[in-house]
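Asks: 3D, please:
(chains A and B)
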Amino acid sequence: MSVAQRAVTLLVAFIAVVALIVFVVVHILLANPPTVSFTADHVAGQPVSMTIMTDPVNDVSDHPDWVSYFVRSPQTGKWVHSTIWQLPAHTRINVTNYEFDTCDPLRNQFNGRVSGTVGNVMSVSGEADGVNGKGISVVNSNTTCGVAHTFSVPGLGINVPFEGVLYAAKNQCTQGPCGMSFTHTTTTFSFITPGPGDYRWQCFIPCGLASVDGNGHAMSTIGFMTGYLDVVS
Amino acid sequence: MAAAPEAAVPAAGRTEPNHGLRIFLIWLPLAVLADYLLYFVYGPHMPPGTMSTSAASQQFDIKVMSVMAAPVFLGVVVYAVYAMVAWRPRAGDDSRDGPPITGNTRIQVSWITVSTILVLSLFGFGFYELVTPAGAGAGEGPSPIWKPDGRPLQVQVIAQQWLFTYRYPQYGGFETTDLILPVGQSIQFNVTSLDVIHSFWAYQLGVKADANPQVNNVAYTTALHTGQITVRCDELCGLWHGAMYDYGRVVSVAAFKAWAHKTEIKMAKITKTLPAYASVYYPNEIKGLAKFYYEAGLPGAGGGFYGNQYYPNEP
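Replies: This is a model prediction of the structure:
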């Protein structure tokens, strides 16, 4: 092999390695869903309304069979596939969640309680449990199979179990984001944001398919069943 | 290469000072000073502190090991510096290497004797400290070799991805995310997991015990001071391992009892839904649930976790 051929081979190999490193850094290490901001149009002292949904499927990612959260952009009103939400500090956040997924048991029934919300209660309406619009503080998923997912922020003591759609329910969601015509439950609750900081949140239902006993896949991927509350001043 | 015959013979008439004595006289005061500073000045600040009997025991162990290690370290340093100064090349020195030192029985015997005494002492000390009550092994395992006197406060540590919760069976078995402990009372931690391997590390208490599914690892300690505890997971356990930490508090006995009674009442509703208190839990045996899944033709998001017996076609 001539010197020129060797040099070209070396250069090509070098470029391939660099490209591989860049790909890993950009597409794996730095890959995060977009941050949805609730601070841009926020008026100080006023509460923030945040609408989210939990879908059994999605049509917007490489993993359509992974459960995931969507959040409605306050700017565009469109559903965004993201779990990184920017919120103003020391502000009341009024949350509405549309739950389209069916239930699974909690690995620890302790996570069936409602905590960290205003009044330590949530309100549920829908066909899952018949508790229409009544504030409740505990859901027993052992007996009712009533919890589909949770919204939990361990660092803030927030835990909200979302009651799921019954397995026998008709017209279950088959696309994500789900349309409101599909069977769902609606949960509302409020919490007060603390000072600035990043607070991780997650679901405590092992809903990651069969991966790692249910705690892999969607449970371990930001953008699906876990993310950040990016609280800013 | 063999040394030249003339190089093997010391220069006739040359008088050498007693280097060994010199090195010893330099080393001795330094070693005494270092040991004094390590034990009495820095020692009380060594990790993990003295907040509990376990922590104090571990701090004592680290102090003893430091006191034994410092003279050895200083011996090496003093010898190296002395050699660089005393045996540095001088003008007119023969550029060839000096004669090899072989067969010095006194040095060999001293070296082996001192090393043997040090290592065996550390072995004996470490072994004793490991098995002694409140010793270094403050994560004693499923079958502890010692138990504290009296009736310790039972605190169950339940780990799961990615959270610690705590159950107090002597107060109705309530579960909480708050770790509150009384000062001056022996405590029995019963550590387990609901999913993967975690590790319960209460740093200031000097307690670290693996949290393994379907295993009850026991650790005893007695808090000596009130204050805050940092609890961390010390076993890489997934995406949020780094965020799996919380803070506990050691409070007075009266404050603890008031908190426990108040929390027992506050948690009564959720306590009713919890499984009966047990040393370990089997989440895959939630009564009727896996069967419900199977009969409904629904594998469930948890895969086979809730009972492979109900999924005959699943691996």
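Asks: every contact and neighbour count from this point should use C-alpha atoms.
Replies: Noted.
Asks: confirm that A:S152 sits in a strand.
Replies: Yes: applying DSSP: H, G, I helix; E, B strand; the rest coil, one finds A:S152 inside a strand.
Asks: and it, how far from chain B?
Replies: 10 Å (C-alpha to the nearest C-alpha, to the nearest Å).
Asks: mean confidence for stretch B:144-162?
Replies: For stretch B:144-162, mean pLDDT is 89.
Asks: please state the offset of it from the chain centre?
Replies: 17 Å (C-alpha atoms, centre = their mean, to the nearest Å).
Asks: hey, C-alpha coordinates of that stretch in PDB?
Replies: Only the C-alpha atoms of stretch B:144-162 are listed here, as PDB (Å, rounded to 0.1, in the frame of the first residue of the first chain):
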ATOM      1  CA  PRO B 144     -27.000 -10.700  62.600                       C
ATOM      2  CA  ILE B 145     -24.300 -12.100  64.900                       C
ATOM      3  CA  TRP B 146     -25.200  -9.700  67.600                       C
ATOM      4  CA  LYS B 147     -28.300  -7.900  68.900                       C
ATOM      5  CA  PRO B 148     -28.600  -4.900  71.100                       C
ATOM      6  CA  ASP B 149     -30.100  -5.300  74.600                       C
ATOM      7  CA  GLY B 150     -33.700  -4.400  75.100                       C
ATOM      8  CA  ARG B 151     -36.400  -3.900  72.500                       C
ATOM      9  CA  PRO B 152     -35.100  -1.800  69.600                       C
ATOM     10  CA  LEU B 153     -37.300   0.400  67.600                       C
ATOM     11  CA  GLN B 154     -38.100  -1.400  64.400                       C
ATOM     12  CA  VAL B 155     -37.800   0.700  61.200                       C
ATOM     13  CA  GLN B 156     -38.300  -1.000  57.900                       C
ATOM     14  CA  VAL B 157     -36.600   0.500  54.900                       C
ATOM     15  CA  ILE B 158     -38.300  -0.300  51.600                       C
ATOM     16  CA  ALA B 159     -36.400   0.600  48.400                       C
ATOM     17  CA  GLN B 160     -37.800   0.800  45.000                       C
ATOM     18  CA  GLN B 161     -36.900   2.600  41.800                       C
ATOM     19  CA  TRP B 162     -36.400   5.400  42.800                       C
END
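Asks: show me what that stretch is in contact with.
Replies: A:204, A:215, B:131-133, B:164-170, B:185-196, B:198, B:200, B:211, B:218-220, B:237-238, B:240-241, B:243-244, B:279 (C-alpha atoms under 8 Å, 6 or more residues apart in numbering or on different chains).
Asks: now stretch B:259-277
Replies: So stretch B:259-277 is contacted by A:108-110, A:112-113, A:138, A:140, A:142, B:169, B:171-176 (C-alpha under 8 Å, 6+ apart).
Asks: stretch A:104-124: end-to-end distance?
Replies: 18 Å (C-alpha to C-alpha, to the nearest Å).
Asks: does chain B sit close to that stretch?
Replies: Yes: counting by C-alpha under 8 Å from any C-alpha of the partner chain, chain B has neighbours in stretch A:104-124: A:104-105, A:107-110, A:112-113.
Asks: so of the contacts of stretch B:144-162, which ones are in strands?
Replies: Counting by DSSP state E, those place B:164-168, B:186-193, B:198, B:200, B:211, B:218-220 in strands.
Asks: pull the number of nearby residues for B:A258.
Replies: 12 (other C-alpha atoms under 10 Å in any protein chain shown).
Asks: can you show me the CA trace of the helix or strand where it lies as PDB?
Replies: In the assignment (DSSP states H and E), B:A258 maps to helix B:253-266. Extracted in PDB, the C-alpha atoms of helix B:253-266 (Å, rounded to 0.1, in the frame of the first residue of the first chain):
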ATOM      1  CA  VAL B 253     -37.700  10.600  72.300                       C
ATOM      2  CA  ALA B 254     -40.700  12.700  73.200                       C
ATOM      3  CA  ALA B 255     -40.600  14.400  69.800                       C
ATOM      4  CA  PHE B 256     -40.300  11.100  68.100                       C
ATOM      5  CA  LYS B 257     -43.300   9.600  69.900                       C
ATOM      6  CA  ALA B 258     -45.400  12.600  69.200                       C
ATOM      7  CA  TRP B 259     -44.500  12.500  65.500                       C
ATOM      8  CA  ALA B 260     -45.100   8.700  65.300                       C
ATOM      9  CA  HIS B 261     -48.600   8.900  66.900                       C
ATOM     10  CA  LYS B 262     -49.500  11.800  64.700                       C
ATOM     11  CA  THR B 263     -48.300  10.100  61.600                       C
ATOM     12  CA  GLU B 264     -50.000   6.900  62.500                       C
ATOM     13  CA  ILE B 265     -53.300   8.700  62.600                       C
ATOM     14  CA  LYS B 266     -52.600  10.700  59.500                       C
END
